[in-house]
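Participant: Got a sequence here, can you build the structure:
(3 chains)
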Amino acid sequence: MKFSDLLQKLGIHQHHSLLTAPNCNPDITGLAAVKEAQPGALSYIEGSKFAAEVDRTQASVLILPMDAALQQKATDRHIAWMSTPEPKLLFAQAVSHFYHPYHPAAGIHSTAMIDPSVQLGEAVSIGAYAVICAGVKLGDGVTIHPHVVIYPEVQIGDRTVLHANCTIHERTQIGADCVIHSGAVIGAEGFGFVPSPDGWVKLEQSGVTILEDRVEVGCNSTIDRPAVGETRIGRNTKLDNLVHVGHNGQTGENCVMAAQVGLAGGVQLGNWVILGGQVGVANQTQVGDRVQAGAKAGLHGTVEPGSIMMGNPASPYKVFLKASAIYNRLPAMHQSLRQLQQQMEETQAQMEKLQEQMRAIEQEGEGQV
Amino acid sequence: MKFSDLLQKLGIHQHHSLLTAPNCNPDITGLAAVKEAQPGALSYIEGSKFAAEVDRTQASVLILPMDAALQQKATDRHIAWMSTPEPKLLFAQAVSHFYHPYHPAAGIHSTAMIDPSVQLGEAVSIGAYAVICAGVKLGDGVTIHPHVVIYPEVQIGDRTVLHANCTIHERTQIGADCVIHSGAVIGAEGFGFVPSPDGWVKLEQSGVTILEDRVEVGCNSTIDRPAVGETRIGRNTKLDNLVHVGHNGQTGENCVMAAQVGLAGGVQLGNWVILGGQVGVANQTQVGDRVQAGAKAGLHGTVEPGSIMMGNPASPYKVFLKASAIYNRLPAMHQSLRQLQQQMEETQAQMEKLQEQMRAIEQEGEGQV
Amino acid sequence: MKFSDLLQKLGIHQHHSLLTAPNCNPDITGLAAVKEAQPGALSYIEGSKFAAEVDRTQASVLILPMDAALQQKATDRHIAWMSTPEPKLLFAQAVSHFYHPYHPAAGIHSTAMIDPSVQLGEAVSIGAYAVICAGVKLGDGVTIHPHVVIYPEVQIGDRTVLHANCTIHERTQIGADCVIHSGAVIGAEGFGFVPSPDGWVKLEQSGVTILEDRVEVGCNSTIDRPAVGETRIGRNTKLDNLVHVGHNGQTGENCVMAAQVGLAGGVQLGNWVILGGQVGVANQTQVGDRVQAGAKAGLHGTVEPGSIMMGNPASPYKVFLKASAIYNRLPAMHQSLRQLQQQMEETQAQMEKLQEQMRAIEQEGEGQV
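Facilitator: Numbers count the residues shown, from 1 in each chain, chains lettered A, B, ... in the order given. Here you go, the predicted model:
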């Protein structure tokens, strides 16, 4: 695809090199990270931090930030460019003109085992050996990859995609435009046991798991249903792989959880919460809007909106960074402290001696008087 | 169901509101958490911590602790109640009178692929596309959901349930009344490699994985078999989702592991051990009876029975809580320490000066004498 | 099998007890850990740390380190032995003469759903209900267990084994002699979303995931493909269960990742890197050759070759061990510090008083003069 064609497809009318260098209109033959780009590649520069790459990259086309110096550099190197305040976002839009992800055709495979009571939308795609139990409703354009198992009474919204080997448990409600990745398990019974003298007694999990529209759930992640009430993942929230959401978890819209995050029971997240990899959130924790937690943080209690938290138990990141910078000096501090204690003892002994001497002098003085 | 009928089904003869308010006999139409309860709901109050909810809840029936004040409050609000020392346990019993979890009927689906040598108990349920290899024995009333794969020579006890897409590896022995949740993998080969000049050499895993009766294994959890000997999960032990138990792991009875717990190779847990989410236990760690470990703790070495541990490396929780409360003051402590060192230097300098002055005075004094 | 036969099969010509005690040639009837060994068992002693076991074990045959004292002890107890600098490595070789792991016969099950365009090598084994999409190439001797799903255009090298319920996504390239354990998901789309005013926008993942030869991936582990470029697992690298490798991750040869390790996007590991359980590695971290990280460590930035790291954020292990040994004394240190501050105040007050007294004396002296 010619650079000029891509500009047209993306609706870019300004901030591009063709305005100043109309002959710089290369063929784009592929996509690449800026460091690995070969001639013909389209790539992007995320911010000034990566500016030096403009001097080195072999890419033929770059998406740049709104930076005249970078634009000039690219022009000087005969690299075609377009500029935008959000280069990665524009790159994401550009990618979809080059790469078409695998998507099976509509149609129902002859081996799919679909209960007669299932309600199917228009143009659904159901793969080999999928099993869909009684009372399930699938919206229009739903894609069920091979080997998906859907327990009874599940509802799945329009255009949602369920990848291979994932399992959707009874009564789960999944919205429109969701993606459930391979091996994920949605709506299985929550971990509810009550201690008794005879051991742990199961608390049946009668509740429901709800995924709102545009939710994505990563490979082998698990979202449980509760004893009573609901577990709810808010609109456009994205979960990476191997994430666990316990019974009664609630998230707002546009949250992001990186891989291996775990939410214990009854956790509530606001909107736009971002949790780094391996973060853990304790039972009943309330996390405000736009909280961010660094990888491996442990959240509990109430976390104020907008906080950026790190460590376990988590602290505001400035506090954590200062404290963890000191952590390795603990042995030196410990030694300094012991030395100070010793010096203090010596000082006090010297002080007492001086005080005694002083008293003697003053008594002498009085004696003289 | 009328409140009075539920009392009868639960065998409750005392400590309930019908004894004093015989007209307070509502219909129970559902189950709810006390904060979300609507009229008609049955709910419970776990302890005095939640007492204020009795003033606010819309529930029609409450299970209360043995607390006369709460009983009076409920009566005053025309809420039917029953009291017990263990409200959540009674609620668990009550739930099973309202909610009947999905359970497929007995019978063997025509697409289940069952080796002729498999021994089937009475009244088993085997779902679509299940694959059961040679030499497997299934007890009476076993339920195999769709897409379960059972490798050769596995034994599964009476009434055990295997959910969709789980995999049971060769020679695994699973007891009676167990539940293996969707996607779990039991008895796969342990992680055994020996370094050599040519790279890592596999140590074949010839051992066996054994789950005793009433064990539950959460979604996508993994329990490995060892090179020699056995991996054993004790009776009535419950594992949440995404838990890993390495080769040769041994647990006692009634242990509980929250989501994302990992036990390295050869870990031994006593009875009634409770591990919080994301806890890690190092190779060969010995954990005594009734140990509890807080979320994200790292256990190693030997952990004394009854200990409550937190942190990584884990400490007794009182020690950890005190230390972690100070952690954030490390920068201030560091500064105080430097200040003290400076003050100490000044003090010592002043002290030396005074000592010198004192010596001068004493010498003068001697000179005068 | 006679001990002498095993020696022959292993090609052991020296350092064994038959040279000195030719009648000590027991039948080997099984394999066991040295502590649990019964008569007839073959076992091994990993190093001098386990030397006391030679006095106690019931094993009939031991693999010993090169240690004359242990050899004598074993001979005295009529235990047949062979010695080697690497007992566990020799044990691994011995095991394969006793234990033959389950391996289904070559052949394609009638229910396997194989696209006509798939290229099959010689002597492949494809289990029940496996689904293999268009354009896939399988090498010679490949084993596909039941319920594996392979998306389009995947390549799988000779003798590689895919266990039940695992999923291989489009365009993934898996080398020869690899093992993918049950439930693992390879090559699913990476976690790539770009924030926009309308919420998170998906960055399509057009890249490819490559596993070189002899790679093993544990149960329910996940290795993602990137937006552009590749995710690559180096030759003979071994991943335990529930490990996550994010998009663009790169490992060298012979790396080992214990269970529940997580690599964020763009992580690079050198050769022979060993990561303990639950280790997390942050975005873009560069980890040098032969780095080792203790369980639960958090790596970020650049980690020098050969480092042994612990803690989060990780430090060199000596630094970490010293600091963490002091951690629990933080409250005591805090108290000491406050006490010192108080003492310092008192000392300074006393000092001022003395200085004043001294000034008075000196003024008197001057007055006298």
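Participant: Could you use CA atoms for every contact and neighbour count after this?
Facilitator: Will do.
Participant: Which one of the residues in the stretch 251-369 of chain A is closest to chain B?
Facilitator: Residue nearest to chain B within the stretch 251-369 of chain A: A:A323 (5.4 Å; C-alpha to the nearest C-alpha).
Participant: Kindly tell me how buried that residue is, as a neighbour count.
Facilitator: Counted with other C-alpha atoms under 10 Å in any protein chain shown, the neighbours of A:A323 add up to 22.
Participant: just to confirm, which helix or strand has it in it?
Facilitator: helix A:317-327 (DSSP states H and E).
Participant: That helix vs helix C:317-327, what angle?
Facilitator: Per axes from the mean of the first three to the mean of the last three C-alpha atoms, to 10 degrees, the angle that helix A:317-327 makes with helix C:317-327 is 110 degrees.
Participant: Determine the set of other helices and strands touching helix A:317-327.
Facilitator: Applying 3 or more C-alpha pairs under 8 Å, 6 or more residues apart in numbering or on different chains; DSSP states H and E, one finds that helix A:317-327 makes contact with strand A:308-310, helix B:330-368.
Participant: so which of these comes closest to chain C?
Facilitator: Using C-alpha to the nearest C-alpha, the helices and strands packed on helix A:317-327 put helix B:330-368 closest to chain C, at 7.0 Å.
Participant: per-residue confidence at the residue of the stretch 251-369 of chain A closest to chain B?
Facilitator: Note for A:A323: predicted pLDDT of 92.
Participant: That one: what's it in contact with?
Facilitator: B:Y327, B:N328, B:R329, B:L330, B:P331 (C-alpha atoms under 8 Å, 6 or more residues apart in numbering or on different chains).
Participant: so how far is A:G266 from the residue nearest to A:V208 when sequence neighbours are not counted?
Facilitator: Using C-alpha to C-alpha, 6 or more residues apart in numbering or on different chains and skipping the chain neighbours, the partner closest in space to A:V208 is A:E230 (4.8 Å). For A:E230, the distance to A:G266 equals 10 Å [C-alpha to C-alpha, to the nearest Å].
Participant: got it, and A:Q342?
Facilitator: Applying C-alpha to C-alpha, the value for A:Q342 to A:G266 is 52 Å.
Participant: And those two? Which one has more around it.
Facilitator: Remark: of A:Q342 and A:G266, A:G266 carries more neighbours, 21 against 12, as counted by other C-alpha under 10 Å.
Participant: Which of the helices or strands spans that one?
Facilitator: Per DSSP H and E, there is no helix or strand for A:G266.
Participant: Likewise for A:G187?
Facilitator: A:G187 belongs to strand A:185-189, assigned by DSSP H and E.
Participant: mind saving the C-alpha coords of that strand as PDB?
Facilitator: Extracted in PDB, the C-alpha atoms of strand A:185-189 (Å, rounded to 0.1, in the frame of the first residue of the first chain):
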ATOM      1  CA  VAL A 185     -13.400 -20.000  32.700                       C
ATOM      2  CA  ILE A 186     -16.300 -17.600  33.400                       C
ATOM      3  CA  GLY A 187     -19.000 -18.000  36.000                       C
ATOM      4  CA  ALA A 188     -17.700 -21.100  37.800                       C
ATOM      5  CA  GLU A 189     -18.700 -21.300  41.400                       C
END
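Participant: residue boundaries of the helices in chain A?
Facilitator: Using DSSP state H, the helices assigned to chain A run over residues A:3-10, A:53-56, A:68-76, A:87-95, A:317-327, A:330-368.
Participant: Using PDB, write out every CA atom in the second one.
Facilitator: As requested, C-alpha coordinates have been extracted for helix A:53-56 and formatted as PDB (Å, rounded to 0.1, in the frame of the first residue of the first chain):
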ATOM      1  CA  GLU A  53      15.300   6.000  16.900                       C
ATOM      2  CA  VAL A  54      14.400   8.400  14.100                       C
ATOM      3  CA  ASP A  55      18.100   8.800  13.400                       C
ATOM      4  CA  ARG A  56      18.600   5.000  13.200                       C
END
